[in-house]
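3D model of this:
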Amino acid sequence: MATGSGRAPPHDIPKFDEATASITTSYNLDDPFAPWIMAAGQPHEHLMVHFSSEDMAAMMGGSER
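Numbering: from 1, shown residues only. Purely as a prediction, here's the structure:
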């Protein structure tokens, strides 16, 4: 955050190239932990990733917080 301004500095949010990234633009019920691009092509598109309980425990140092 910029000092004293109360606002975050401007930044560029990268756009995903779905074809190059080989990431789907829809959630896959058969593979719920697969990443996908939500709101593809929109200004607010973002990468979605779900983690299993085991992965979360590993990332959090052995405990879920």
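
If you count neighbours, what's buried in stretch 42-59?
Buried residues in stretch 42-59, counting neighbours by 16 or more other CB atoms under 10 Å, are found at E45. For the C-beta atoms, the positions are set from N, CA and C on the backbone; glycine is no exception.

Figure out the length between the terminal residues of stretch 29-40.
Start-to-end span of stretch 29-40 (CA to CA, to the nearest Å) is 18 Å.

contact partners of it?
With contact meaning CB atoms under 8 Å, 6 or more residues apart in numbering, stretch 29-40 is reached by 16, 18, 21, 23-28, 45-52.

element containing L47?
Assigning secondary structure by DSSP states H and E places L47 in strand 46-48.

Tell me where this protein is predicted with low confidence.
Low-confidence segments of the chain (pLDDT under 70): 1-19, 21, 62-65.

quick one, longest helix in it?
helix 53-59 (DSSP state H).

Packing partners of that one?
The contact analysis (3 or more CB pairs under 8 Å, 6 or more residues apart in numbering; DSSP states H and E) places helix 53-59 against no helix or strand.

ok, which stretches of the protein are helices?
18-21, 53-59.

and those helices as CSV, adding distance to P35?
Formatted as CSV, those follow (distance: least, CB to CB, whole Å):
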stretch, distance to P35
helix 18-21, 9
helix 53-59, 13
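
hmm, back to that, CA atoms only: put the longest helix of the chain into PDB for me.
Extracted in PDB, the C-alpha atoms of helix 53-59 (Å, rounded to 0.1, in the frame of the first residue of the first chain):
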ATOM      1  CA  SER A  53      -7.600 -31.400   3.300                       C
ATOM      2  CA  GLU A  54      -4.400 -33.300   3.100                       C
ATOM      3  CA  ASP A  55      -2.800 -30.700   0.900                       C
ATOM      4  CA  MET A  56      -4.000 -27.900   3.200                       C
ATOM      5  CA  ALA A  57      -2.500 -29.700   6.200                       C
ATOM      6  CA  ALA A  58       0.800 -30.100   4.400                       C
ATOM      7  CA  MET A  59       0.800 -26.400   3.400                       C
END
